[in-house]
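Student: I'd like to go over a predicted model; first the sequence, then the structure.
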Amino acid sequence: MEKNFCFNLKLEDYADLSHRSLSTFKRDFKQQFNQSPGKWLSQRRVHYAANLVVNSNLSVSQVAFESGFEDLSHFSRVFKEIMGSNPSEYKKSMVTS
């Protein structure tokens, strides 16, 4: 998952890649990482996006798609939930810090 988090793969695809059923994959993942694979994936994508927001000149839309999100409004909502502010506010706060 670490190598492919930016690609829009379904959890079923990750389960197939690990030669497990979806339910076994989810159970094993939760035991190993103490969170669901979906939550881990969202957090990983947002942290990658946060890095891009601060360290690149990409637009918010480009960052969203580069990070594996297909829907800009979903990206903005998840980004705010995890980082505490929307991408533009986050960039301003990191640049002025």
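Tutor: Sure, I can see it. Residues are numbered from 1 along each chain as shown.
Student: next one: the residue of the chain most remote from its centre from Y90, what distance?
Tutor: What lies farthest from the middle of the chain is T96; by CA atoms, centre = their mean that is 24.7 Å. Taking CB to CB, to the nearest Å as the measure, T96 and Y90 are separated by 11 Å. C-betas here are computed from N, CA, C, even on glycine.
Student: contact partners for the nearest residue to P37 once chain neighbours are set aside?
Tutor: In space, and not counting its chain neighbours, P37 is closest to F29: 4.5 Å by CB to CB, 6 or more residues apart in numbering. Each residue near F29 by CB atoms under 8 Å, 6 or more residues apart in numbering is listed here: S36, P37, W40.
Student: can I get the buried part of those residues as one ChimeraX selection?
Tutor: Paste this into ChimeraX to select the buried members of the contacts of F29, with burial taken from 16 or more other CB atoms under 10 Å:
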select :37,40
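Student: residues of the helix or strand the residue nearest to P37 falls within that come out buried?
Tutor: Following DSSP states H and E, one finds F29 within helix 22-33. By neighbour count on 16+ other CB under 10 Å, the buried set for helix 22-33 is F25, K26, F29.
Student: likewise stretch 72-86?
Tutor: By neighbour count, and taking 16+ other CB under 10 Å as the criterion, the buried residues in stretch 72-86 are F75, S76, V78, F79, M83.
Student: just how off-centre is it within its chain?
Tutor: Counting by CA atoms, centre = their mean, to the nearest Å, stretch 72-86 is centred 10 Å from the centre of its parent chain.
Student: contacts for that stretch?
Tutor: Contacts made with stretch 72-86 from outside it, assessed by CB under 8 Å, 6+ apart, are listed as 42-43, 45-47, 49-50, 60-61, 63-64, 67, 69, 87, 90, 93.
Student: sweet, I'm off.
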